[in-house]
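Trainee: need a 3D model of the following:
(one chain, ligands or ions: 1)
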Amino acid sequence: MTLLARTSALHAEASAAVPAELLQLLQSAKRIWVIPHERPDADALGAALGLQSILTQRGAEVAVFCADAPAKVYEVIPTIDRVLTSPPEWTPDAVILVDCGEARRAGRAGALMEALPSSVTRATIDHHVSNSSTSPLQWIDPTAAATCEMITLIAVALGSDLAAEEGRLAATLAAGIIMDTATFQHSNTTPRTLQVAGLLLEAGAPISEISRRLYRSKPATQVRLHARVLDRIETSDDGLTVWAAVLNSDLQQTNAQPEETEGIVDTLAQINEADVALFFKEEGADSTRLSIRTKEQGLDATKIAALFQGGGHARAAGASIAAPLDDAVAAVLRGVTSLRTGRGTES
Ligand SMILES: [Mn+2]
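Mentor: Below is the predicted model of the structure:
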């Protein structure tokens, strides 16, 4: 199948999915700001930059304006240097919020967006369930795995060239889909997600390379830090709870940054024999960060987190505990034991 054939196969579905009013706005606006949420991830950035590229193809002037500079890992997005962290000097005729439902989630950029004259048209494109957008012009699709899936459908509906910029547009959009599905592993991956990804692959997105850079590459300091912490895994007597802790001295001795602890809890959660994985991070003399992962049919992670005023999802949650590391570990293990025996459901 050629790119053209693949695109036209999806055209009817895309045209039905994208609200007509939104398509009309995208076709008529001449000067547009696109705003991703603060501390943007690959989906927020890919969606904003992808939309920029699609609308620029049509002759519009488009700025991507974000409250925070993208993290270094998102250099995998080939159009990343187009993100502005200060507002354009021109006033737009439309402003589009992507990958979040409220201007509040866009930090400083959202505040500037709200301060624009009321004559500026506001629109929202997002895939989050909890979206509480009050924008009159919104497209919220919780069945989309990523906002980038939705932006690709917009490109198809508008008849844009997905292979534009020597595959950079396709790579930009693919990065968001790979991020939000963990390379098609999460259950949010639908046949439509794979169809859209097929289109992007055909259009030049290096899916394997993007996936490697987002999910399977780390600085040496991070691998050494993980090795050190994972060498100290502890297990409850019944084997069902596993935990490990990172100390400030681990960071110093491996020369790692605090964010390089990312992923340790997911390795703990891979242990077959356990159904609760706990990861503790020493934050200060009286402050410990807890991350929780649980398996299907196991405890609800939010119930463990709630014991310490934390929150999250049933399989992944977290909390900040105002106690030194050792006390925090002891308190959480007591909490897990009482939840297992059905005694400690107080929150
Ligand atoms: Mn997203």
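
Trainee: CA only for contacts and neighbour counts going forward, please
Mentor: OK.

Trainee: okay, now the residue of the stretch 201-347 of the chain found nearest the ion: neighbour count?
Mentor: Closest residue of the stretch 201-347 of the chain to the ion, CA to the ion: residue 214 (14.6 Å). The number of residues packed near residue 214 is 19, by other CA atoms under 10 Å.

Trainee: residue contacts, it?
Mentor: Residue 214 makes contact with 73, 74, 76, 179, according to CA atoms under 8 Å, 6 or more residues apart in numbering.

Trainee: please confirm that residue 91 is located within a helix.
Mentor: No: secondary structure of residue 91 (DSSP: H, G, I helix; E, B strand; the rest coil): coil, not part of a helix.

Trainee: show me the contacts for it.
Mentor: Contacts of residue 91 (CA under 8 Å, 6+ apart): 31, 116.

Trainee: follow-up on the earlier one: which strand or helix spans the residue of the stretch 201-347 of the chain closest to the ion?
Mentor: Here residue 214, judged by DSSP states H and E, is contained in helix 207-215.

Trainee: against which helices or strands is the very next helix or strand once past that helix packed?
Mentor: Downstream of helix 207-215, the next assigned helix or strand under DSSP H and E is helix 220-230. Packed against helix 220-230 by the contact rule (3 or more CA pairs under 8 Å, 6 or more residues apart in numbering; DSSP states H and E) you find strand 241-246, helix 248-254, helix 264-268.

Trainee: pull the CA atoms of helix 220-230 into PDB?
Mentor: The C-alpha trace of helix 220-230 is given here as PDB (Å, rounded to 0.1, in the frame of the first residue of the first chain):
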ATOM      1  CA  ALA A 220      25.600   5.700  32.200                       C
ATOM      2  CA  THR A 221      25.100   7.500  35.500                       C
ATOM      3  CA  GLN A 222      21.500   6.400  35.500                       C
ATOM      4  CA  VAL A 223      22.300   2.700  34.800                       C
ATOM      5  CA  ARG A 224      24.900   2.800  37.600                       C
ATOM      6  CA  LEU A 225      22.300   4.400  40.000                       C
ATOM      7  CA  HIS A 226      19.700   1.800  39.100                       C
ATOM      8  CA  ALA A 227      22.200  -1.100  39.600                       C
ATOM      9  CA  ARG A 228      23.200   0.300  43.000                       C
ATOM     10  CA  VAL A 229      19.600   0.700  44.200                       C
ATOM     11  CA  LEU A 230      18.300  -2.600  42.700                       C
END
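
Trainee: chain center to the helix or strand following it: distance?
Mentor: Counting by DSSP H and E, the next helix or strand C-terminal to helix 220-230 is strand 234-235. Chain-centre distance of strand 234-235: 30 Å, with CA atoms, centre = their mean, to the nearest Å.

Trainee: ok, strand 234-235: who's next to it in the sheet?
Mentor: Strand pairing for strand 234-235, using DSSP bridges, gives strand 241-246 (antiparallel).

Trainee: the closest residue to the ion within the stretch 151-300 of the chain: which element?
Mentor: Residue nearest to the ion within the stretch 151-300 of the chain (CA to the ion): residue 180, separated by 5.8 Å. Using DSSP H and E, residue 180 sits within helix 168-181.

Trainee: pull out the buried residues from that helix.
Mentor: Across helix 168-181, burial judged by 16 or more other CA atoms under 10 Å covers 168-181.

Trainee: Throw those residues into CSV and include pLDDT, thanks.
Mentor: Shown next, in CSV, are the buried residues of helix 168-181 (pLDDT from 0 to 100):
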residue, pLDDT
168, 98
169, 98
170, 98
171, 98
172, 98
173, 98
174, 98
175, 98
176, 98
177, 98
178, 98
179, 95
180, 93
181, 94
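
Trainee: list just the nearest of those to residue 295.
Mentor: Closest to residue 295 out of those is residue 181 (18.3 Å), distances taken as CA to CA.
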